[in-house]
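>>> would you be able to build a 3D model of this:
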Amino acid sequence: MAITFYYAPMSSATRVTWALEELGIPHEKVKIDIRSGEQKKPEFLTINPNGKVPALVDGDLKLFEALAIVYHLGERYGVDKGLWPAAGTDARSEAYTWTAWGQNEVLIAAREFALHNPESAMPMAPPVEQRVAQMAKGARESWDRLTGILEARLAGRTHVLGEAFTFTDLMLASSVMFGTRMAGLPLTDRERVAAWLPRCMGRPAFARTFSGA
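Here you go, the predicted structure:
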């Protein structure tokens with residue numbers, strides 16, 4: 001089936017770009033200019049009615065939301081390549097758990113800190129006078145707690161599900177990378193996480209993801 005991937009650079013679509021690069025499957029990439037509002041045009045809204053990227057068309061199937069797209073790619077194309085656990089296994093259930101946790105907990109904490117940290121220079125952050133110090137404090141506390149959970153998970157493992165890199169690592173590493181690189185959050189006393197993150201980012205598919213943006 002023909003795959004068409006709709007994306008914008010430096011957005012949540014990057015996770016899908018990385019997944020496609022890991023899979024090495026043929027696909028067409030369509031760059032959406034979100035600044036000019038291409039994502040709100042009627043033709044794109046038939047693919048993603050939310051008017052956002054990423055979106056992916058796989059044959060007759062239309063998908064949106066990065067996590068859902070990565071789940072789909074893993075299940076349909078990634079099992080034979082060792083990038084996603086087989087259906088019906090405990091590892092598959094763990095993969096769902098840790099990838100959802102990365103999106104719904106780790107990424108949210110990092111994003112909240114980026115929005116409300118008084119020193120944040122991120123374009124998406126509101127004016128300094130509109131930032132809430134208590135929100136930044138709470139997000140930082142969440143970050144420390146969550147990276148502690150990941151640190152414990154990586155005890156005796158090189159990757160989140162075991163010894164092999166999977167899309168679970170891809171999604172979690174994307175969230176942790178956002179926290180450290182974009183939000184400026186530290187990995188204090190997180191030696192395993194600090195070793196695991198560059199292990200994920202050192203993959204050739206990761207380099208191709210950003211060289212082709």
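
>>> now do the same end-to-end measure for stretch 40-57.
17 Å (C-alpha to C-alpha, to the nearest Å).

>>> what sits up against that stretch?
Stretch 40-57 has contacts (C-beta atoms under 8 Å, 6 or more residues apart in numbering) with 2-8, 11-13, 15-16, 32, 34, 38-39, 62-66, 69, 72-73. Any C-beta I mention is one placed from the backbone N, CA and C, and that applies to glycine too.

>>> quick check, distance from the longest helix along the chain to the centre of its chain.
Counting by DSSP state H, the longest helix found in the chain is helix 133-153. In this view, helix 133-153 has its centroid 18 Å away from the chain centroid, taken as C-alpha atoms, centre = their mean, to the nearest Å.

>>> I'd like the mean pLDDT over that helix, please.
The average pLDDT within helix 133-153 is 96.

>>> mind checking how far the helix or strand following it is from the chain centre?
Sequence-wise, the next helix or strand downstream of helix 133-153 (DSSP states H and E) is helix 167-177. Remark: helix 167-177 is offset 5 Å from the chain centroid, using C-alpha atoms, centre = their mean.

>>> now the residue sitting furthest away from the middle of the chain: how far from Gly184?
Relative to the mean C-alpha coordinate of the chain, counting by C-alpha atoms, centre = their mean, the farthest residue is Glu129 (29.6 Å). Going from Glu129 to Gly184 by C-beta to C-beta, to the nearest Å gives 20 Å.

>>> now swap in Ser174 and tell me
17 Å.

>>> which non-adjacent residue is nearest Gly179?
Spatial nearest neighbour of Gly179, excluding adjacent residues (C-beta to C-beta, 6 or more residues apart in numbering): Ala110 at 3.4 Å.

>>> show me where the protein has its strands.
Under the criterion DSSP state E, strands of the chain are mapped to 3-7, 28-31, 55-58, 61-64.

>>> hang on, the earlier thing: in CSV, list the C-alpha atoms belonging to the longest helix of the chain.
Taking Å, rounded to 0.1, in the frame of the first residue of the first chain, the C-alpha atoms of helix 133-153 are listed here in CSV:
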residue,chain,number,x,y,z
ALA,A,133,5.6,30.1,38.8
GLN,A,134,3.7,27.3,40.6
MET,A,135,3.1,25.5,37.3
ALA,A,136,6.8,25.6,36.5
LYS,A,137,7.6,24.3,40.0
GLY,A,138,5.1,21.5,39.8
ALA,A,139,6.3,20.5,36.3
ARG,A,140,9.9,20.4,37.5
GLU,A,141,8.9,18.2,40.4
SER,A,142,7.0,15.9,38.1
TRP,A,143,10.0,15.7,35.7
ASP,A,144,12.3,14.7,38.6
ARG,A,145,9.8,12.0,39.7
LEU,A,146,9.2,10.7,36.2
THR,A,147,12.8,10.5,35.2
GLY,A,148,13.4,8.6,38.4
ILE,A,149,10.8,6.0,37.3
LEU,A,150,12.6,5.7,33.9
GLU,A,151,15.9,5.4,35.7
ALA,A,152,14.6,2.5,37.7
ARG,A,153,13.1,0.9,34.6
